[in-house]
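Undergrad: Structure of the sequence below:
(one chain, ligands or ions: 1)
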Amino acid sequence: MTEFEVRNPATAAVIDTVHDHTAEEAAAQVDAAQAAFEQWRTVAPRKRAEILMAAHRGMLDDAERLRDIIVAENGKSQADAAAEVAYAAEFFRWYAEEAVRAPGEYGVAPAGGVRNVVTRRPVGVAVLITPWNFPAAMATRKIAPALAAGCTVLLKPASETPLTALAIAEILQQAGVPEGTVQVAASSSASKVVSAWLADDRVRKLSFTGSTGVGRRLLAQCAERVVNTSMELGGNAPFIVTADADVEAAVEGAMVAKFRNSGQACTAANRFYVHADVAEEFVAAFGRRIEQLQLGDPAAGAAIGPVIHARAAAEIRELIDGAVAQGARIAHQAALPEGEGLDHEAFVAPTLLADVPADADILGQEIFGPVAPVVVYTDEEDMLRRANDAEVGLSSYVYAGNLQHAMQIGEKLEAGMVGVNRGIVSDPSAPFGGVKQAGIGREGGSFGIEEFTEVQYLSVDWSAV
Ligand code: NAP
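TA: The predicted model follows:
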């Protein structure tokens, strides 16, 4: 039996080993998922809701253990990990409440006689693929609506963070999810496992969260069997501060939008567009906060941990160097951690880049790290054109003193989500997702469950009955 290692990003130490699923094992999981689907789809929505509610309670009862697993395998701070557990658990409660609200339609065809009966039914066995940056929430944001809709699921967590997914699967089992309904395949070779699943005609759904590049490849793979897909892909969020914005509030929002998870969030503010009238004040206040950030081992309580591994850190440092070579200035930086036992190569100093040229390369890609490039603007139309000049449109942020102005900017932004005078947009009750190459479909809210259903319409000849 082959296993692979899971490492703590803060220390590079091996914290566990997990079973490395083979393609044959993955193929066998589809048999079990299909058999479970025949049963699970017939379970009364109220019963499915009760099981999801028990899973919600189960996660909260086990919140500290889950937090510590996330800290150990992902490297985020304890506060970020605790917030993720609460957010992740909420998807079970939200979809417990949605499970019993199956919508449908009934109508008379315009010609009379015939009646149209429209229902939604579960799409079938669903493959779920999740990234390492939110190992709990990205899993529950998919599992909860899938189970609520009556689907069974095959989950492939990121190879860096399989332990959280395995712990959640246990909680679901304890909550009463029947065998075969939720199966996890940890693997050191994503494509081996996922290809075995997608090669099977009984798999009818792929819900993927990850990078746009991998999303494109999976869309091509799904085209072969016309598999229903939902895609939550990369971001490159603009964060706009207008001339009349409350600068203190904008800095508060910027700290959350930029430094949650050490900047490793698809919703992370990637580019700051700040009006010239408030730029100096914003940079000074934001910079002061950045310089105060304490980096270190999150297991020991540090506010900011490492990024996921030394390779990612090296790429982020290259982006900083590239921006400086193009004219940007390191205006403020936090201190790197000292001491023994840490993998120092995996830490990136939170950095504020000022005087960033509006066409600098760093603005054109997802940084996925604790770096905040600030561009000063005077012409709003020109700034909006630049803000929208990205192949992805996931989240965006605007701080303005006048709400009407903020809403006007929000409506002009090519983004699936806009935080208005807020530095966070994630909410289980709201539709999460992007436009352009940031994805297809929505997770959360009443939309999330629709992704796991398909419409069936029965044309009934009433007169003949
Ligand atoms: P990634 O490299 O695309 O990996 C995501 C998942 O896909 C992992 O489980 C990975 O497995 C798997 N995978 C990789 N190659 C595959 C293949 N050929 N076939 C099947 N599965 C494959 O992304 P990441 O680095 O983990 O996550 C960061 C990215 O996710 C960022 O771009 C971020 O913006 C995006 N993200 C988006 C959202 C959203 O809701 N829109 C949320 C969070 C993150 P392995 O780990 O085994 O490689």
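
Undergrad: residues in contact with the spatially closest residue to G433 that is not a sequence neighbour?
TA: What sits nearest to G433 in space, not counting adjacent residues and going by Cβ to Cβ, 6 or more residues apart in numbering, is R442, at 4.0 Å. All C-beta spots, glycine's among them, are computed from the backbone N, C-alpha and C. R442 makes contact with S230, G416, P431, F432, G433, G448, E451, according to Cβ atoms under 8 Å, 6 or more residues apart in numbering.

Undergrad: Name the nearest of the residues you listed relative to P110.
TA: E451 (30.6 Å; Cβ to Cβ).

Undergrad: quick one, helices of the stretch 251-400 of the chain?
TA: Counting by DSSP state H, counting those that start in this stretch, the stretch 251-400 of the chain has helices at residues 276-291, 310-325, 380-387.

Undergrad: Pull out the buried positions in the shortest one.
TA: What that stands for is helix 380-387. E380, M383, L384, R386, A387 (16 or more other Cβ atoms under 10 Å).

Undergrad: Closest one of the residues you listed to F259?
TA: A387 (20.8 Å).

Undergrad: Pull the contacting residues for the closest one.
TA: P238, I240, R271, Y273, S396, L413.

Undergrad: Quick one: which of the residues you listed is the most crowded by neighbours?
TA: For the contacts of A387, the largest number of neighbours (other Cβ atoms under 10 Å) sits with S396, at 30 neighbours.

Undergrad: Enumerate the beta-bridge partners assigned to it.
TA: Beta-bridge pairing for S396 (DSSP bridges): V418.

Undergrad: Tell me which residues touch it, please.
TA: A237, P238, F239, I240, A387, G410, L413, A415, M417, V418, G419.

Undergrad: What residues of the helix or strand encompassing Y87 count as buried?
TA: Using DSSP states H and E, the element containing Y87 is helix 78-99. Of the residues in helix 78-99, 78, 80-85, 87-96, 98-99 count as buried by neighbour count, 16+ other Cβ under 10 Å.

Undergrad: What is that helix packed up against?
TA: Here helix 78-99 touches helix 45-61, helix 63-74, helix 137-149, helix 447-450, going by 3 or more Cβ pairs under 8 Å, 6 or more residues apart in numbering; DSSP states H and E.

Undergrad: still on that earlier bit, need the max-distance pair from the contacts of A387.
TA: Among these, R271 and L413 lie farthest apart (Cβ to Cβ), at 12.2 Å.

Undergrad: How about the contacts made by the closest residue to the ligand within the stretch 251-400 of the chain?
TA: Proximity to the ligand, evaluated over the stretch 251-400 of the chain using Cβ to the nearest ligand atom, is greatest for C266 at 3.1 Å. Contacts for C266 (Cβ under 8 Å, 6+ apart) come out as N133, T209, E232, L233, G234, G235, E366, L394, S395.

Undergrad: If we ignore the residues flanking it in sequence, what's nearest Q29?
TA: Closest to Q29 by Cβ to Cβ, 6+ apart is Q183, at 4.9 Å.

Undergrad: how much space is there between the one you found and N421?
TA: 43 Å (Cβ to Cβ, to the nearest Å).

Undergrad: Compare these two (neighbour count), which wins?
TA: Between Q183 and N421, counted using other Cβ under 10 Å, the more crowded position is Q183 (22 against 16).

Undergrad: ok, which of the contacts of C266 also contact the ligand?
TA: Residues of the contacts of C266 in contact with the ligand (Cβ under 6 Å from any ligand atom): N133, T209, E232, L233, G234, G235, E366, L394.

Undergrad: Show me these that map onto strands.
TA: Members of the ones next to the ligand among the contacts of C266 lying in strands (criterion: DSSP state E): T209, E232.

Undergrad: Quick one, which of the ones next to the ligand among the contacts of C266 are buried?
TA: Of the ones next to the ligand among the contacts of C266, these count as buried by 16+ other Cβ under 10 Å: N133, T209, E232, L233, G234, G235, E366, L394.

Undergrad: need the residues of the stretch 1-150 of the chain near the ligand, please.
TA: I129, T130, P131, W132, N133, F134, M138.
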